[in-house]
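**Q** curious how this folds, go ahead:
(4 chains)
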2 protein chains.
Amino acid sequence: MTVTSVHDPSHREALWELEAAFERGDLITAFGRCTVSYTGRAASELGSGDRLVVLKPDGAALVHTDEGRTPVNWQPPGSEHHAAVREGRLRVRSVRSSPAETLTVRFSDVHQLSTMTVTGGRDLDLHGSEEDLRTRVLERPALVDPGFEPRETERPTSAGPVDVFGVDGAGRPVVVELKRRRVGPDAVGQLDRYVEAVREEYRTGGFDDDRADTDGDDGDVHSDGDDGEGDDGDDDAGSDDDDGDGVRGVLVAPSITDRAAALLADRGFEHVALDPRPEGTDGDGRVSDDAGADDDRRGRNDEE
Amino acid sequence: MTVTSVHDPSHREALWELEAAFERGDLITAFGRCTVSYTGRAASELGSGDRLVVLKPDGAALVHTDEGRTPVNWQPPGSEHHAAVREGRLRVRSVRSSPAETLTVRFSDVHQLSTMTVTGGRDLDLHGSEEDLRTRVLERPALVDPGFEPRETERPTSAGPVDVFGVDGAGRPVVVELKRRRVGPDAVGQLDRYVEAVREEYRTGGFDDDRADTDGDDGDVHSDGDDGEGDDGDDDAGSDDDDGDGVRGVLVAPSITDRAAALLADRGFEHVALDPRPEGTDGDGRVSDDAGADDDRRGRNDEE
DNA sequence: GCCTAGGTCCCGTAC
DNA sequence: GTACGGGGCCTAGGC
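**A** Numbering: from 1, shown residues only, chains lettered A, B, ... in the order given. Model (predicted):
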C-alpha cells in the first residue's frame, strides 16, 4: 500500500492515520482549515484558513497557502512531529531544538489527509552552478586572463577560502572570485576581503602564517613536478604599476551592476564576464566585456 | 466541493482533473512516480522516483521528495502550468519567461491526484524581524549609544539606504546597520560601504550631492520642534581621536563572529549587542557586550 | 557545535 | 524591467 487517503475524517480518525504514518515513515499531506503558530528565532501567528500541510519523515514541515513558492510557515528537517486532539481541534506540532523552535498547526476541519510511501532516487543532477564555472576557468584559464595560471582552488586565507588562486603572465598573484550570476556590491566586498588577506600575507612574511598547512591537499591545481621556483615573471611578483601590493583581484561573473562596477574600479579590481555554462551552442561562453552582450534568444524548440 | 481526489487515475483521467483544476484556480497535489527536468538559470535532471508535486494557481510549482524543506525542483509564481499526455506519460509543465525557465514533470504513474479550493487568510503576523529591531532602536536610542539621536531611517546614500542614521552626543554622524541575527563578515562589508559613502558625502560638500531630495519624506525621525542646534557635544563633530572622518559606524546585532569582529575593529567600527525582541521577560533586551552573553533557557512551557 | 559561502535562492520595494 | 537587501532564509562543507 503506497497511498492512503481519508476525506473529512474525524479528528480521532486523522490522529490515528497520522500516528500510523509517523510510524511507517510516510510522507504526509493534510489539507484543511487551520491556524498556525510559530515561535523560535522569530514568532508568528496565522489566522484561520485553508492550507496544505506537508509532514516529511525527516522532520521537515511545510505549511502552504495557495500562493508563493515559499511556505507561509515551516520547520526544517530534524524536527519531531507530534499529533494530538486538543480543545476539539487536531493539533499537529513540529518541534526542534538548537535553535528551540516550535510550529503548531491547529485544524478545526481536516478536508483530506493522505499518507504516502516514497521510493526512488533523490539525487539531482544539476548543471550551471558555481562549480561548473570553476571547471571552465581551470580548463581554460585564458578566459580569465591571457597567461593566467591557476595554482589552487579554495585556497585558505585569513578571510576564508579563495575560489581560485593563481598567477598571471607577469608572475603576479591573482585572486579570483567566481559567481554564477550577475553580481552586486556584496561580491566586491567579498573579493576585497580575500585580496586584502592575501596582501597582508605577502606583507607580513612568506605566506606561512595564515594559511593552514595544506600542502598537497585537495585544493591544489597543477600537481606537476615544479613546486618551487618555476616563475617566469620578470618582476618580483609585486610593486608593479598596478594599484595595491601587486596582488590582482578578479571577479568572474556573467555580468555586474553599475554600483558593483564602480566599487570594483575603486579597489582596482577587474571583472571578467563569463557564464557558468558554455551557453549552449554559443562558442566558448566568453561574454564580450564592456559591450552590449545580450539577446541571444536561441530558438530552442521542445522536442514534443 | 472543496476537495476532489482520485487514486491511481489513468493519464486521461488525471489530465481531465488537472485541466478542470487549472480552470477553477484550485491548489493541486499530485503524488506519483515521475522524472523531472528543469532548464533555465541552470539545468537539472532527476531520475524516476515517487514525488509530491504541488501546483498553485499563482503559477508556483513544487516538487518534493521525502526529504528536506527545499523542493528538489520548483518554479516560482508567475509560471504557467500545462498538462498533456505524451509518449504514454502524463506530462506537467510549468513555464515562465524572464528568465526563460521550464520545469517538466513526467509521470509514469499517478498514485493520487487531489485538487483543493483554498479559502481564508494568508497574512502572517511575524515578530522578531529587523523592523522590530529598528523600532527598538528608535524608541530607546540609548541602547545604541548614550546620547545617540536618530535622525533618519533608510537614509539614502550613494551606496544604498542606511538603516538608521543619526548623531551621537558629540554631534558626530552615526551610521547604524541593523541585523536581526548573528552577523558575519558580509555585514561588516555592508556597513563599510555605507560609512564610506557618508564620509565621501561630507568630504565632497555639504551633503547635497548623492542624497536624493527627500526632505519631509517618510524616512525622517524626530519631527519635533528642535531641529537645529540642541547638541550638547563639546566637540565640533569630527576630527576627534576616532578613526576616520568623524563618521561612526555601528553594527547592531545580537552577536558577531570572530572574523567579523576583527574586520569591524580594523575599520574602527563598533558592535552593539541587541536582540530584535525584548527577549521575553528579560528586561530590555540589551545583551551584555563583550561578555558571556548566553544561556537564558527560559522555561516557556506550553499552555496545553 | 560554529563559521562561511552558495543558491535555479525567494521576496518585497524603490527606482 | 533592474537593483538592492532581508530572510525564521536553507543547505553543504570545514573545522
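
**Q** for chain A, what's the longest strand?
**A** Longest among the strand segments of chain A by residue count, using DSSP state E, is strand A:101-116.

**Q** can you name the element that comes right after that strand?
**A** Toward the C-terminus, strand A:101-116 is succeeded by strand A:124-127 as the next helix or strand (DSSP states H and E).

**Q** is DNA strand D within reach of that following strand?
**A** No. Strand A:124-127 stays clear of DNA strand D (C-beta under 7 Å from any atom of the strand), getting no nearer than 9.8 Å. Where C-beta positions appear, they are placed from N, C-alpha and C, glycine not excepted.

**Q** buried residues, that strand. List them.
**A** A:L126 (16 or more other C-beta atoms under 10 Å in any protein chain shown).

**Q** equivalent analysis for stretch A:167-183, please.
**A** Across stretch A:167-183, burial judged by 16+ other C-beta under 10 Å covers A:167-168, A:170-181, A:183.

**Q** ok, the longest strand of chain A near chain B or not?
**A** Yes. Judged by C-beta under 8 Å from any C-beta of the partner chain, strand A:101-116 and chain B are in contact via A:T102, A:H111, A:Q112, A:S114, A:M116.

**Q** pairing partners for that strand, with directions?
**A** Sheet pairing for strand A:101-116, assigned by DSSP bridges, gives strand A:3-7 (antiparallel), strand A:27-39 (antiparallel), strand A:89-96 (antiparallel).

**Q** mean pLDDT and mean neighbour count added to these, as JSON lines?
**A** Shown next, in JSON lines, are the strands paired with strand A:101-116 (pLDDT from 0 to 100; neighbours: other C-beta atoms under 10 Å in any protein chain shown):
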{"stretch": "strand A:3-7", "mean pLDDT": "98", "mean neighbour count": "17"}
{"stretch": "strand A:27-39", "mean pLDDT": "98", "mean neighbour count": "22"}
{"stretch": "strand A:89-96", "mean pLDDT": "98", "mean neighbour count": "21"}
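
**Q** let me have the ones you listed in TSV, extended by distance to A:L274.
**A** What follows is those, written out as TSV (distance: least, C-beta to C-beta, whole Å):
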stretch	distance to A:L274
strand A:3-7	47
strand A:27-39	40
strand A:89-96	41
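
**Q** closest point of the stretch 101-250 of chain A to DNA strand D, which residue?
**A** Going by C-beta to the nearest atom of the strand, DNA strand D is nearest to A:G184 of the stretch 101-250 of chain A, at 3.9 Å.

**Q** phi and psi next, for that residue.
**A** Phi and psi for A:G184, reported as degrees, to the nearest 10, are phi -120, psi -170.

**Q** tell me the domain ranges of chain A?
**A** According to automatic domain parsing, chain A comprises the domains A:3-116, A:130-224+A:232-273.

**Q** hmm, stretch A:129-146 in reach of DNA strand C?
**A** Yes. Interface with DNA strand C: stretch A:129-146 contributes A:S129, A:E130, A:E131 (C-beta under 7 Å from any atom of the strand).

**Q** again, but for stretch A:261-276
**A** No. Contact between stretch A:261-276 and DNA strand C is absent, the nearest approach being 7.7 Å (criterion: C-beta under 7 Å from any atom of the strand).

**Q** measure that stretch end to end?
**A** Using C-alpha to C-alpha, to the nearest Å, one end of stretch A:261-276 lies 20 Å from the other.

**Q** sort out which residues of it are buried, please.
**A** Buried residues in stretch A:261-276 (16+ other C-beta under 10 Å): A:A261, A:L263, A:L264, A:R267, A:F269, A:E270, A:H271, A:V272, A:A273, A:L274, A:D275, A:P276.

**Q** for chain A, which segments count as strands?
**A** A:3-7, A:27-39, A:43-55, A:61-64, A:73-75, A:80-86, A:89-96, A:101-116, A:124-127, A:149-155, A:162-167, A:173-178, A:248-253, A:270-273.

**Q** what is the nearest of the residues of strand A:101-116 next to chain B to A:G78?
**A** Ranked by distance to A:G78 (C-beta to C-beta), the residues of strand A:101-116 next to chain B are led by A:T102 at 13.2 Å.

**Q** which residues does that closest one contact?
**A** A:S37, A:Y38, A:T39, A:G40, A:R93, A:S94, A:V95, B:D302 (C-beta atoms under 8 Å, 6 or more residues apart in numbering or on different chains).

**Q** same thing but 10 Å
**A** When contacts are counted by C-beta atoms under 10 Å, 6 or more residues apart in numbering or on different chains, A:T102 is found next to A:37-40, A:43, A:75, A:79, A:93-96, B:300, B:302.

**Q** isn't A:A43 right up against A:T104?
**A** No. In this structure, A:A43 is not within contact of A:T104 by C-beta atoms under 10 Å, at 11.4 Å.

**Q** so which of these two has more stuff around it?
**A** A:T104 (19 against 15; other C-beta atoms under 10 Å in any protein chain shown).

**Q** right, and that one touches A:G40 too?
**A** No. A:T104 lies out of contact with A:G40 (C-beta under 10 Å); the separation is 11.2 Å.

**Q** need the overlap of contacts for the two.
**A** In terms of C-beta under 10 Å, 6+ apart, A:T104 and A:G40 are both contacted by the residues A:V95.
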